[in-house]
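Chemist: dropping the sequence and predicted coords here.
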Amino acid sequence: SQQGEEDPQALSIQEGENATMNCSYKTSINNLQWYRQNSGRGLVHLILIRSNEREKHSGRLRVTLDTSKKSSSLLITASRAADTASYFCATASVIQGAQKLVFGQGTRLTINP
Amino acid sequence: DAGITQSPRHKVTETGTPVTLRCHQTENHRYMYWYRQDPGHGLRLIHYSYGVKDTDKGEVSDGYSVSRSKTEDFLLTLESATSSQTSVYFCAISGSAGGGTGELFFGEGSRLTVL
């Protein structure tokens, strides 16, 4: 079962613009995480926001979480060509300390120079 | 990069043959995971381990088994491969000795094709 649904599925913007990706989910969570995947590579963790947090920043990244609406957003400011990648949200439940992540299908972001 | 090595990185096999994928970590992380990634499905959890000899099923465990005889190695076995198991398989780790922050570190993936 797919927990996270991401929107849009694909996004193409000009370098320097901001990119916003949205994620919705269905059940209660311990935390929500965002990952990036470059073509043909493994996933790289970007940011984790806990269920009792509403907003978090890391460099050019800003993540929000609205547990009442079961949704999250990832904002990348001042985009660069190197930001071109697929971005995935993942909702986490913690079982015996393990982070059981359920991933969305991802947003494919293209930054045009 | 986290010290995670997946092997083999690419494999082509025939339906009905057994296949074992290996994940080796040098980070001494407690938790290890196997995911598969398919177009239109994102990543789905197959099995995970919360310690040596301690494993549990994930979302898509049918047709797969795992073993973890030591901290650093987590093996994924397809007893009799089927074409529906053609996929890219990712190993991940989490939970450093100090408890960790909850993030997963992923390997580079193993691309399996079952003919």
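Modeler: Perfect, thanks for sending it.
Chemist: how about the residues of chain A near chain B?
Modeler: Chain A comes close to chain B at residues A:1-2, A:4, A:31, A:33, A:35, A:40-45, A:48, A:88, A:90, A:92, A:94-106, as judged by C-beta under 8 Å from any C-beta of the partner chain. From N, CA and C alone the C-beta is placed, and that goes for glycine too.
Chemist: same thing but at 6 Å, please
Modeler: A:31, A:42-43, A:45, A:48, A:96, A:98-99, A:103-106 (C-beta under 6 Å from any C-beta of the partner chain).
Chemist: partners of the nearest residue to A:K69 once chain neighbours are set aside in the sheet?
Modeler: Leaving aside its sequence neighbours, A:K69 sits nearest to A:S24 (C-beta to C-beta, 6 or more residues apart in numbering or on different chains; 7.8 Å). Beta-bridge partners of A:S24, counted by DSSP bridges, are A:E5, A:S71.
Chemist: quick one, strands of the chain?
Modeler: Using chain A here. A:5-7, A:10-14, A:19-24, A:31-37, A:43-50, A:55-58, A:61-66, A:71-76, A:85-95, A:98-103, A:107-112 (DSSP state E).
Chemist: chain B is the one I meant
Modeler: Under DSSP E, chain B gives strands at B:4-7, B:10-13, B:19-25, B:31-38, B:42-51, B:54-57, B:64-70, B:73-78, B:87-94, B:105-106, B:110-114.
Chemist: distance check, the residue nearest to A:K69 against B:K70.
Modeler: Per C-beta to C-beta, to the nearest Å, A:S24 is found 40 Å from B:K70.
Chemist: can you lay out the strands of chain A as CSV showing mean pLDDT?
Modeler: Converted to CSV, the strands of chain A look like this (pLDDT from 0 to 100):
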stretch, mean pLDDT
strand A:5-7, 88
strand A:10-14, 97
strand A:19-24, 97
strand A:31-37, 96
strand A:43-50, 95
strand A:55-58, 96
strand A:61-66, 98
strand A:71-76, 98
strand A:85-95, 93
strand A:98-103, 90
strand A:107-112, 96
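Chemist: identify whichever of those strands lies nearest to B:S7.
Modeler: strand A:43-50 (18.6 Å; C-beta to C-beta).
Chemist: tell me the helices and strands packed up against that closest one.
Modeler: strand A:31-37, strand A:61-66 (3 or more C-beta pairs under 6 Å, 6 or more residues apart in numbering or on different chains; DSSP states H and E).
Chemist: hmm, try it at 7 Å
Modeler: Helices and strands touching strand A:43-50, by 3 or more C-beta pairs under 7 Å, 6 or more residues apart in numbering or on different chains; DSSP states H and E, are strand A:31-37, strand A:55-58, strand A:61-66.
Chemist: convert the C-alpha atoms of that strand to PDB, please.
Modeler: The C-alpha trace of strand A:43-50 is given here as PDB (Å, rounded to 0.1, in the frame of the first residue of the first chain):
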ATOM      1  CA  LEU A  43      18.700   7.600  -2.200                       C
ATOM      2  CA  VAL A  44      20.200  10.300  -0.200                       C
ATOM      3  CA  HIS A  45      18.500  11.600   3.000                       C
ATOM      4  CA  LEU A  46      17.600  15.300   3.000                       C
ATOM      5  CA  ILE A  47      15.600  16.100   6.000                       C
ATOM      6  CA  LEU A  48      13.500  14.500   8.800                       C
ATOM      7  CA  ILE A  49      10.600  16.200  10.500                       C
ATOM      8  CA  ARG A  50       8.900  14.600  13.500                       C
END
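Chemist: neighbouring strands - and their directions - for it?
Modeler: As assigned by DSSP bridges, strand A:43-50 forms pairs with strand A:31-37 (antiparallel).
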